[in-house]
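Q: I'll drop the sequence and a predicted model, then ask my questions.
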Amino acid sequence: MKKLLLVSILSLSFGSLLAQNGTYWQQHVDYKMDVSMDVKTYQYKGKQELVYTNNSPDSLRKVYYHLFNNAFQPGSEMDARIQSIKDPDGRMVTKVKVGDKEVKESRIKNLKPNEIGYLRISNFKQDGAVASAKEIGTILEVTLAKPILPNSKTTFTLDFDGQVPIQIRRSGRNNAEGVELSMAQWYPKLAEFDFEGWHADPYIAREFHGVWGNFDVNITIDKDYVLGGTGYLQNKNEIGHGYQDQGVVVSVPKKTKTLTWHFNAPMVHDFTWAADKNYIHDVVKAPNGVDLHFLYKNNPKYIQNWKNLQPKTVQLMEIYNKTVGDYPYKQYSVIQGGDGGMEYAMCTLILGQGTFDGLLGVTAHEMAHSWFQHILASNESKHGWMDEGFTSFLEDFGLNEIADKKVENPFAAAYKGYFAMVNSGKELPQGTHADRFDENRVYSVTSYSKGEIFLAQLIYLIGKENLFKTLKKYYSDFKFKHPTPNDIKRSAERVSGANLDWYLVDWTETTNTIDYGIKEVKENADKTTVTLERIGRMPMPIDLTVEYTDGTTESFYIPLRMMSFEKENPNPTVKRTVLNDWAWAYPTFEFNIAKSKASIKKITIDPSGLMADLKMENNTYEIK
């Protein structure tokens, strides 16, 4: 069964690659790792064998690995960034009194030698020959013994020694809720090389980019620990802890001190696990035969929240499948751990002691990442909005679908956050590298809120049906391919027939804003002349409604010339008039309403609220 699953995922992946033009390529990795964890010292030792397939047209003379653990050391780039950024992450600082002032001090700065994280590499070889490996902060730079030629494979072997840091950010030990091991970013991970070159970003604060491949991992740990994470447990009937087949009784001899957990994970670009002696482990079935694992602390105060979460998670997975496309793996684990909520391959680490609504919300978000970060997998350092923003869109849509009472615009909070950022004067283009933002808040709003609006606003531009068709096409065409911004734009164009290059450029590459207004409404014989104005730089088509004193409503649609597109009437029950198009260079647009001004009660630009118009006060003309 496992072999069939691996073959089906690989076929799905490579079949989609071949569907693209012949110039597309991507690298491939096959990891084998054996690691032994000392739960008393939180130190671990491992061996790694990595078969690297160079599908690129380049001969590679160097390769780079990420050593994420090294960020958690005094004086690291992450430490320096915490101390210099204007609004450091609250999880990464402590508040101390200096005179009369309260100062935020980096938690990394004061770590002791037995509290830091580290990952040390030794005995690095390429096909049995010694290669030169140089550690530079969180990056290992390897000068190869021989070049890796195009369309060839090579095998890297290495030994590694690691120490799990005190929990500060994402990975670590003994987190705020007492979870002992959150093992994210714990192993030497080969950096991505693609058509843009190497992506060997130092680990300063943000998220990740990885090479797809297969992981075969053995983890040896004290027998009392329960593990959860990426992949499929191969020896479940020897391990037990809730993984064993129904009816199987697992008996571990008393003299046995450790167990070795054997996981296989096909076609993922990361491998994460967590462990604790006091995990409860529940398994429920989700759509398409997926096993949903829930691992959480045995704390009576919060157990019912975790029980209530389980059917909601099943519902969300079903909605995500229908909205974007089927989740391709056969397991997903929701695990209490980490420092908030963070997505990983086939799993998430989340805090679990808040309210039920908070637990549901973070699960909805992190699981939605599986479609965007772990199956589509855009480069988050360069295009964080494609992952965080699209994930936030799916989260808000999904939560609204399962809510007792639905709202008309589930994305309203994203618009509110975006407007606040623009009005602060601190906005930077979405193309800004994730590590270069002056403030964490601006990065967050740019990636999450403005990224979410990119999709929500497409409902306004091309219609709701076309937007959801776009999501399905985007997923179908680009899963397992690391799509770039142009790819989502092209998917929307192919579905709708609209020209959208202007939208991608203005929204993601600039800080241009949308601002349209009703400039004048005047009586003109037996009709009314309305003059609209474009105040902001960014062009948009215009939806406009007119409410009359007799209780009737009429809508008008002004296409944007550069779109070469006419949207279907979003509300067929209301009469709509399609006017001449409005070209961007003209600052005003005039049209006539075939009724007197006295018969008009209210005129509104974009009654849906899906156009991110910065100044809503000039969008309405009302006769009181």
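A: Thanks, I have it. Numbering: from 1, shown residues only.

Q: did I read that right, Glu401 in a helix?
A: Yes. Glu401 forms part of a helix when assessed by DSSP: H, G, I helix; E, B strand; the rest coil.

Q: would you check how far apart it and Thr138 are?
A: Separation of Glu401 from Thr138 (C-beta to C-beta, to the nearest Å) stands at 40 Å. C-beta coordinates here come from the backbone N, C-alpha and C atoms, glycine included.

Q: looking at the two, which has the bigger crowd around it?
A: Remark: of Glu401 and Thr138, Thr138 carries more neighbours, 25 against 16, as counted by other C-beta atoms under 10 Å.

Q: counting neighbours, which bits of whichever strand or helix holds Glu465 end up buried?
A: Using DSSP states H and E, Glu465 maps to helix 464-478. For helix 464-478, burial by neighbour count (16 or more other C-beta atoms under 10 Å) applies to 466-471, 473-475, 477-478.

Q: sec struct for Ile518, please.
A: Going by three-state DSSP: Ile518 is strand.

Q: report the contact partners of it.
A: 530-532, 603, 605, 618-621 (C-beta atoms under 8 Å, 6 or more residues apart in numbering).

Q: now which of the residues you listed would you call buried?
A: 530, 532, 603, 605, 618-619, 621.

Q: these in strands, which ones?
A: Secondary structure defined by DSSP state E assigns 530, 532, 603, 605, 621 of the buried ones among the contacts of Ile518 to strands.

Q: quick one on the thing from earlier: quick one: mean pLDDT over the helix holding Glu465.
A: The pLDDT scores in helix 464-478 average 98.

Q: again with stretch 181-194
A: Stretch 181-194 comes out at a mean pLDDT of 98.

Q: swap in stretch 263-281?
A: 98.

Q: could you do stretch 521-539 as well?
A: Mean per-residue pLDDT for stretch 521-539: 95.

Q: buried by neighbour count: which residues of that stretch qualify?
A: 528, 530, 532, 534, 536, 538-539.

Q: and for the helix holding Glu465, what's in contact with it?
A: By C-beta under 8 Å, 6+ apart, the list of residues contacting helix 464-478 from outside reads 16, 19-20, 323-325, 371, 375-376, 455, 458-459, 462, 483, 487-488, 491-492, 494-496, 568, 570.

Q: now, these that are in helices?
A: If you go by DSSP state H, the contacts of helix 464-478 have 16, 19, 323, 371, 455, 458-459, 462, 487-488, 491-492, 494-496 in helices.

Q: put the buried members of those residues into a PyMOL selection.
A: Selection of buried members from these for PyMOL, criterion 16+ other C-beta under 10 Å:
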select buried, resi 16+323+371+455+458+459+462+487+488+491+492+495+496
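
Q: and the furthest pair within the ones in helices among the contacts of helix 464-478?
A: Using C-beta to C-beta, the two most remote members of the ones in helices among the contacts of helix 464-478 are Ala19 and Ile459, lying 27.4 Å apart.

Q: about what we covered before: distance to Asp222 for the contacts of Ile518 - can I get that in TSV?
A: Compiled in TSV, those are given as follows (distance: C-beta to C-beta, whole Å):
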residue	distance to Asp222
Val530	74
Thr531	75
Leu532	70
Ile603	70
Ile605	64
Asn618	66
Asn619	63
Thr620	66
Tyr621	71
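
Q: the residues you listed: which two are farthest apart?
A: Most distant of the contacts of Ile518, by C-beta to C-beta, are Thr531 and Thr620, 14.8 Å apart.

Q: before we move on, back to that, among the buried residues of stretch 521-539, which two are most distant?
A: Using C-beta to C-beta, those span at most 27.9 Å, a distance reached by Thr528 and Met538.

Q: which of the contacts of Ile518 lies closest to Tyr24?
A: Among the contacts of Ile518, Ile605 lies closest to Tyr24 (C-beta to C-beta), at 42.1 Å.

Q: need the contact list for that closest one.
A: Counted by C-beta under 8 Å, 6+ apart, Ile605 has contacts 516-518, 532, 542-544, 611, 613, 619-620.

Q: how close does it sit to Arg81?
A: Counting by C-beta to C-beta, the gap from Ile605 to Arg81 is 42 Å.

Q: for this structure, just list every one of the helices.
A: 2-19, 77-84, 236-239, 303-323, 356-371, 380-384, 390-402, 412-424, 440-444, 450-462, 464-478, 485-496, 501-509.

Q: which residues sit against the longest one?
A: Counting by C-beta under 8 Å, 6+ apart, helix 303-323 makes contact with 280, 282, 284-288, 290, 292, 294, 296, 327, 332, 334, 336, 352, 355-356, 359-360, 363-364, 367-368, 370-371, 394, 397-399, 401-402, 468, 471-472, all of which sit outside it.

Q: need the buried ones from those residues selected in ChimeraX.
A: Entered in ChimeraX, the line below selects the buried ones among the contacts of helix 303-323, by 16+ other C-beta under 10 Å:
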select :280,282,286,287,290,292,294,296,327,332,334,336,352,359,360,363,364,367,368,370,371,394,397,398,399,401,468,471
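
Q: where does the prediction get shaky in the stretch 1-150 of the chain?
A: 1-22 (pLDDT under 70).

Q: ok, 90 please
A: 1-23, 97-102 (pLDDT under 90).
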